[in-house]
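J.: requesting a structural model of the entry that follows:
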Amino acid sequence: MFESIVSPIWVTNILAWTFTLSFALAWVFANKSEHISRKIRIIAWFLFGIFWLLLTPRFAIVMRSPIETVLSLLAIPICFHAGYLLLTEQSLRLSLSNAIAVMGIVYLPFETIEPLGIFLINIVTQHVYLTILGTGFDVILTDGPVIGHKSGLLFSRVGHDYLTHIVLACTGIGTITIFLGLITSLSISLSRKAIACIVTTSLIYVLNILRNVFIAISFGEQWFQWFVPSVLLITGYDDPRLVSFFIADRVISQSLTVLVVGALLLISIRIVPEIIDLLEELLYLLTRKKYDLHYAFEPISPNR
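T.: So this is what the prediction gives:
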């Protein structure tokens, strides 16, 4: 019924490349012409807001993901506010712009270049498959939506088969790029950047494999067939067997992901305390008040 308001994926992909390259261009111009750099960043932030505006219906209607929908809705005013502040406050620099440039440059090739995305999906699927076998559950590795592309995890039970597809969103690349962007945009030594990136990306990858294992087994074994009528009403699903998938993925896993990202952020701050400066920028965008978080993190940031 509401599918018509969901923007085609190619539209959001083009928009994503546009604001990513704009942020990157602004970074290049930062040391040459702050005036030009600022103008480009203003445009990029407004484009970033439009991107989330177009993407929100997809999270809400197609993916039926309440947490991603809420986060996307929150991102819209933050992006527009960032553009407005850059327009009105000449002293504001917003280093977060550089972080977003890195995030897009790392993530978008996997999103928009199909062979690259399939390569990553296949690697993650293999690791999830082997981990499930290691836990003692019977699972079959099968084709995904693309024939010959082994991204399906099939649990065959009496009377029904339960198939989970590993897609790009299941690879953890989104979360990985967030931390890569935050860390690599900092003005710190290359060795410190490398250590922080290796630690965070390794943790994210392993935890993401475990997340996929949990979702696939939960759906395949139908662990969470709770409140079926209520969940079907909320999600619009026709098949009651999808309730276990919804609870395992959209509710439990995505809620835990928010907590895990918070914990990883604390670990990153321990390695590179300069990330606190980016958090202060984000809080300023949210509240328009300046905060000094270095004091709050002093026990784990002795250099401050």
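
J.: ok, the residue nearest the centre of the chain to residue 257 distance?
T.: The chain has residue 174 as the residue nearest its centroid, 3.6 Å off, counting by Cα atoms, centre = their mean. According to Cβ to Cβ, to the nearest Å, residue 174 and residue 257 sit 10 Å apart. Just so you know, the C-beta spots here come from the backbone N, C-alpha and C atoms, and that holds for glycine as well.

J.: hmm, back to that, which strand or helix spans the residue nearest to the centre of the chain?
T.: Element membership for residue 174 (DSSP states H and E) is helix 173-184.

J.: what distance do you get for the residue lying closest to residue 249 once chain neighbours are set aside to residue 196?
T.: Sequence neighbours aside, residue 215 is the residue nearest to residue 249 in space, at 4.8 Å (criterion: Cβ to Cβ, 6 or more residues apart in numbering). As judged by Cβ to Cβ, residue 215 and residue 196 stand 28 Å apart.

J.: and the helix or strand where residue 10 lies with helix 173-184, angle?
T.: Using DSSP H and E, residue 10 sits in helix 9-29. Angle, helix 9-29 to helix 173-184, by axes from the mean of the first three to the mean of the last three Cα atoms, to 10 degrees: 10 degrees.

J.: what does helix 9-29 contact?
T.: The contact list for helix 9-29 (Cβ atoms under 8 Å, 6 or more residues apart in numbering) reads 36-38, 40-41, 43-45, 47-48, 50-51, 54-55, 58, 97-98, 100-101, 103-105, 108, 111-112.

J.: of those, buried ones?
T.: 37-38, 40-41, 43-45, 47-48, 50-51, 54-55, 58, 97-98, 100-101, 103-105, 108, 111 (16 or more other Cβ atoms under 10 Å).

J.: next step: those restricted to strands.
T.: Judged by DSSP state E, strands contain none of the buried ones among the contacts of helix 9-29.

J.: one step back: roughly how far apart are the residue nearest to the centre of the chain and residue 122?
T.: For residue 174, the distance to residue 122 - Cβ to Cβ - is 18 Å.

J.: that older thread, number of residues surrounding the closest residue in space to the residue nearest to the centre of the chain that isn't next to it in sequence?
T.: Once flanking residues are discounted, residue 174 sits nearest to residue 107: 6.5 Å by Cβ to Cβ, 6+ apart. For residue 107, the tally of surrounding residues (other Cβ atoms under 10 Å) stands at 20.

J.: and the helices in the stretch 51-200 of the chain?
T.: With DSSP state H, counting those that start in this stretch as the definition, the stretch 51-200 of the chain shows helices at residue ranges 66-88, 96-112, 114-134, 173-184, 190-220.

J.: how about JSON lines for the ones you listed, with mean pLDDT and distance to residue 22 added?
T.: Shown next, in JSON lines, are the helices of the stretch 51-200 of the chain (pLDDT from 0 to 100; distance: least, Cβ to Cβ, whole Å):
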{"stretch": "helix 66-88", "mean pLDDT": "93", "distance to residue 22": "11"}
{"stretch": "helix 96-112", "mean pLDDT": "96", "distance to residue 22": "8"}
{"stretch": "helix 114-134", "mean pLDDT": "95", "distance to residue 22": "22"}
{"stretch": "helix 173-184", "mean pLDDT": "96", "distance to residue 22": "15"}
{"stretch": "helix 190-220", "mean pLDDT": "96", "distance to residue 22": "24"}
